[in-house]
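Visitor: No letters, just coordinates:
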Ligand code: NAD
């Protein structure tokens, strides 16, 4: 049996929060617990220089609390970068609820979570993410105004996925322009991994433009539904050795990892999933060396946050589409900088985002 002294010494080897690999100067991390509803949540506030930290709540059956903490730290940093590079006056935050959304999510739990959000007085504003719906956000709205992504019939901007898909399409077209000299996607062989809310909407844009689309998804029902509706090929299984022009990851993160990064036979990666590079420095550099153009995920999937930002700033659909369309120009700007400075596209995007934050910090300090 381990003695108490040894156990404490072992624990001391890793600082549980500030020593986390994914800790990156986060401003505040809040652990929320409620015995009666079973709520166990973590809210990560990464940076509030540009404005309140806005980011969705993910409900997921994490294997353990370390995994949940790691996820919220990574995701909240991603939100800071996303809002900064998109030109929104928002900081970066995210929340995770530990649990299975199909069996453990109750209105009481959502209300309790909303109370925790409310206690932060608007420093963090929530929205939906994986495992959450607009209806869940409607429940959170009962106890706090610090929530976006509520139903359209309750005054919200509604489902953000179609807008996210449009932004991904814009980022993909910018990548094609940079790589092939034309943004027209006609006859390009495009693999869409994950045909859920975003992937499903994306393929409509791609087919309209005459692209040759292959889809893959672990959900067979989903695949069949899409194949019945659209002229697409279905690929069953591991596709990472297949030849393609564009790979669009629209399922979960970290699909570009030690196993896949050397196998991928594509010219462009442009998709909706968050944190596509398992290690942004290592895998970003390998992609660059292999001549694969990577469109940074946190920029090209920003349509969703542009959509919910409309609820805070009171702008309409036209402005949402205009801001999302601009992802095309920003993506090109990133590629140009990456080429000019001989850095990865991800590094270029992080630099541009951080410069905007630093400029604002300076302006704020002069006030
Ligand atoms: P979703 O749950 O509706 O769809 C995801 C799809 O991916 C599902 O059909 C699922 O079966 C499939 N999938 C899961 N694991 C897979 C695997 N290993 N291989 C193949 N398919 C797999 O989610 P969504 O809303 O479409 O979001 C897709 C991604 O985009 C997520 O990573 C999400 O975080 C990100 N994202 C979404 C939005 C948005 O507005 N919905 C905004 C920004 C980022």
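Guide: Structure's in. What do you need? As the structure is a prediction and not an experimental result, all values here were calculated from the model. Residues are numbered from 1 along each chain as shown.

Visitor: now for the helix or strand containing residue 177, which elements pack on it?
Guide: Using DSSP states H and E, residue 177 maps to helix 161-180. If contacts are counted by 3 or more CB pairs under 8 Å, 6 or more residues apart in numbering; DSSP states H and E, helix 161-180 sits against helix 197-208, strand 246-249, strand 268-269, strand 293-294, helix 297-300, helix 303-313, helix 317-325, helix 327-341. Quick note: C-beta positions are derived from backbone N, CA and C, even for glycine.

Visitor: Pairing partners for the following helix or strand past that helix, with directions?
Guide: The first helix or strand that comes after helix 161-180 along the chain, using DSSP H and E, is strand 189-193. According to DSSP bridges, strand 189-193 forms sheet pairs with strand 212-216 (parallel), strand 246-249 (parallel).

Visitor: Out of those strands, which one sits most buried?
Guide: strand 246-249 (a mean of 27; mean count of other CB atoms under 10 Å).

Visitor: What residues does residue 263 make contact with?
Guide: Residues counted as contacts of residue 263 (CB atoms under 8 Å, 6 or more residues apart in numbering) are 240, 241.

Visitor: Residue 304 versus that one, what's the distance?
Guide: 30 Å (CB to CB, to the nearest Å).

Visitor: re the thing from before, pipe the helices and strands packed on helix 161-180 into CSV and attach mean pLDDT per row.
Guide: What follows is the helices and strands packed on helix 161-180, written out as CSV (pLDDT from 0 to 100):
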stretch, mean pLDDT
helix 197-208, 96
strand 246-249, 98
strand 268-269, 98
strand 293-294, 98
helix 297-300, 97
helix 303-313, 92
helix 317-325, 95
helix 327-341, 98
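
Visitor: In a markdown table, list these along with distance to the ligand.
Guide: As requested, the helices and strands packed on helix 161-180 are exported to a markdown table (distance: least, CB to the nearest ligand atom, whole Å):
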| stretch | distance to the ligand |
| --- | --- |
| helix 197-208 | 4 |
| strand 246-249 | 8 |
| strand 268-269 | 14 |
| strand 293-294 | 16 |
| helix 297-300 | 8 |
| helix 303-313 | 3 |
| helix 317-325 | 11 |
| helix 327-341 | 12 |
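
Visitor: Nearest to residue 61 among the ones you listed would be which one?
Guide: helix 197-208 (20.1 Å; CB to CB).

Visitor: Next, the angle strand 212-216 makes with the closest one.
Guide: 160 degrees (axes from the mean of the first three to the mean of the last three CA atoms, to 10 degrees).
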